[in-house]
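1. Pasting the sequence and the predicted model now:
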Amino acid sequence: MAKRYIAIVKIKNNPNGEANCVKYRFNDLINFTYFLDKAWSDWKWYNVYSNLGNNKRVQLGSFTKNKRPINKSL
């Protein structure tokens, strides 16, 4: 089954000042944020995009370390 969301996550800045970002696919916003805290403790923000249906690749939301998701889904 396809994952519901795609996230682009800024994890740090490279020495030259460019953003170092990674991409993940997932279904649960709360668990994904918990994963980021463990895997990339210094992550800055992430943008969430739909990965299903007619809205595929549409941005659904954005979260930071201080503005975290309160629900599992958008």
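-> Structure received.
2. show me where the chain has helices.
-> Remark: helices assigned in the chain by DSSP state H are 29-39.
3. Now do the same contact list for Ile11.
-> 20-22, 40, 42-44 (CB atoms under 8 Å, 6 or more residues apart in numbering). The way it works is simple: take the backbone N, C-alpha and C, and place the C-beta from them, glycine included.
4. Now rank those residues by neighbours and give me the top one.
-> Trp43 (20 neighbours; other CB atoms under 10 Å).
5. right, and that one touches Asn13 too?
-> No: counting by CB atoms under 8 Å, Trp43 stays clear of Asn13, with 11.9 Å between them.
6. Stretch 66-74: which residues count as buried?
-> Neighbour counts over stretch 66-74 (16 or more other CB atoms under 10 Å) mark Pro69 as buried.
7. quick check, distance from that stretch to the centre of its chain.
-> 11 Å (CA atoms, centre = their mean, to the nearest Å).
8. cool, and stretch 13-31?
-> 7 Å.
9. what about that stretch, how long is it end to end?
-> 24 Å (CA to CA, to the nearest Å).
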